[in-house]
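Novice: predicted structure and sequence below. I'll ask about it afterward.
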Amino acid sequence: MSTLEVYFRDAHCAQITEDTNGNLKFQYLDSWVKQGRIPISLTLPLDQTTYAHEQITPFVANLLPEGDDLRGRLERLLHIDTKDDFGLLRAIGRESAGALSFWPEGESPRDNDQYYSRLSLEDFQEWREFAHQQPFQFRGQTFRMSLAGAQAKTALYFDSEDNPYLPEHGAPTSHILKPNIEGCLPGTVFTEYLTMKLARVVLGRDEVPEVDIWQNCYRIRRYDRPRKNEHIRRLHQEDFCLALGRMPARKYESEQHSEHLLAACFDLLDQLGDQGLVVAPVMERQRLLNQVILNVLLHNPDAHLKNYALMLQNNGMICVTPLYDCLCTYGLNFSANGEAWGQVTGPAAHTRNMSLRIGGAIAIDTINQ
C-alpha cells in the first residue's frame, strides 16, 4: 500500500492511499476534523468517512495535466504510466492549484527547504522554444508541479523587480505562463492577452487577474497566490468540474444531448447558499453569469467546466473566483499554413460551438434565437 500525504498550506489535513490493486481511498486526519477546518473539496465533505475509489478519483484527476500529449511526455520523463493518476500526483503534486500540496509518505512541506533559484532569460527562452516537446523541463531537469489543462504551460515566481525564479521543493509560484499554441492556433499569446485585457475592462480589475506578455509568452498573475511584500500565500479553490464530481474528460457539454451543465453550476451555488456557505448568493450568481455572458460575447468556445471556479475561504465561505481563462478564437480563423478551421481536427474544428450549452443552444450563432 502506498500513501500520499495531503497538506493544506503547511497543515497536514488528509491522506490518500492506494492498495495493490490500484484502488484509492481518502480520509481526513482526525485532528483536521476535530478542529472544524474546511473541506479540501466540495466533493469530500469534512467528516471521518473513508471515501472510496470512485469518490476520490475525480478529485485526483482534476488536479493533473490533461491530454495524451502532456501525459505521454510525463510518462517518458518520470516513467509513470499515463493512467496512473496517483503516481503522477505523487511525483508532481508539490505545487498545484489552490492551497493543497501532495507529498510521499514521510515527507512534508515543513521538512523541505522551499526556496527559489534565479532563472536566466536564456534558460527561459530555451524552455519557450521547446515547450511543446518538453514543457516540464528547465535546465535539463524535470520541473515537478501540477498544472491542470491540456496546453503546454509553466509557473514561475517573479519578485518585485520582475525577475523570474524557479520554485524549488514545492515553493509557491506567482504567475502562469503560456507560449503560443503549436500548429493550428498561431497568435494565441497576443490574442489571449488582448481578450483578457478587454475582459478586465468590462468586468473590473477585481474580477479578472492582471495579464501581460513577457518574453513572448502570455503571463497571468495567479489570483490564488496573493503576495504581501515578497511572501506568497496559497488560497484554496476548485473548478466546477471538480466541484460537480466530474472527470476532466467530461468538462464539455455533449453535442448530442444536453446535460444542462451550466444550470448544474448555478444549482450548486444555490445549494451552497441554502447551507449558509455563500455570503451573498444573488451576487455570486451574477458574477458567474457575467463570466458566462462575457465568454459568449468574446467568442470563447473553450469556456468549459474547468474554466469556472469557486474559492473556498478560510472561514468556510465560498465565492466565485475571478475569470482566469478566456481566449477569443474569432480572430484565429486560419492556421499557420492557411487551412480553414473545418480542416483542423480536435476542439479547434468546432469553434462555432460553445463548450457548454447556453439556454439549450450550443452553436454560438443560435444562442440568441
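Specialist: It's in.

Novice: stretch 30-44: end-to-end distance?
Specialist: When the termini of stretch 30-44 are compared using C-alpha to C-alpha, to the nearest Å, they are 15 Å apart.

Novice: now it, how far from the centre of its chain.
Specialist: Relative to its parent chain, stretch 30-44 has a centroid offset of 22 Å by C-alpha atoms, centre = their mean, to the nearest Å.

Novice: could you pull out the buried residues of that stretch?
Specialist: 32-33, 37-44 (16 or more other C-beta atoms under 10 Å). Glycine gets a C-beta too; all of them are placed from N, C-alpha and C.

Novice: tell me which of those residues is nearest to residue 291?
Specialist: Nearest to residue 291 among those, counting by C-beta to C-beta, is residue 42 at 18.7 Å.

Novice: follow-up on the earlier one: JSON lines for the buried residues of stretch 30-44, including pLDDT, distance to residue 235 and secondary structure?
Specialist: Below are the buried residues of stretch 30-44 laid out as JSON lines (pLDDT from 0 to 100; distance: C-beta to C-beta, whole Å; DSSP: H, G, I helix; E, B strand; the rest coil):
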{"residue": "32", "pLDDT": "95", "distance to residue 235": "18", "secondary structure": "helix"}
{"residue": "33", "pLDDT": "95", "distance to residue 235": "22", "secondary structure": "helix"}
{"residue": "37", "pLDDT": "88", "distance to residue 235": "15", "secondary structure": "coil"}
{"residue": "38", "pLDDT": "90", "distance to residue 235": "12", "secondary structure": "coil"}
{"residue": "39", "pLDDT": "94", "distance to residue 235": "15", "secondary structure": "coil"}
{"residue": "40", "pLDDT": "95", "distance to residue 235": "13", "secondary structure": "coil"}
{"residue": "41", "pLDDT": "96", "distance to residue 235": "15", "secondary structure": "strand"}
{"residue": "42", "pLDDT": "96", "distance to residue 235": "16", "secondary structure": "coil"}
{"residue": "43", "pLDDT": "96", "distance to residue 235": "19", "secondary structure": "coil"}
{"residue": "44", "pLDDT": "96", "distance to residue 235": "18", "secondary structure": "strand"}
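
Novice: of all these, which comes closest to residue 296?
Specialist: residue 42 (26.0 Å).

Novice: quick one: contacts for the closest one?
Specialist: The contact partners of residue 42, taken as C-beta atoms under 8 Å, 6 or more residues apart in numbering, are 238, 242-243, 268, 272, 310, 312, 318.

Novice: look up how far residue 35 lies from it.
Specialist: 19 Å (C-beta to C-beta, to the nearest Å).

Novice: in helices, which of the contacts of residue 42 fall?
Specialist: Secondary structure from DSSP state H places 242-243, 268, 272 of those in helices.

Novice: looking at these, state which has the most neighbours.
Specialist: The most crowded member of the ones in helices among the contacts of residue 42, judged by other C-beta atoms under 10 Å, is residue 242 (29 neighbours).

Novice: quick check: closest non-adjacent residue to residue 179.
Specialist: residue 131 (4.7 Å; C-beta to C-beta, 6 or more residues apart in numbering).

Novice: thought residue 356 was touching residue 250?
Specialist: No. Look at residue 356 against residue 250 with C-beta atoms under 8 Å: they stay out of range, at 11.6 Å.

Novice: mutual contacts of the two, please.
Specialist: residue 305.
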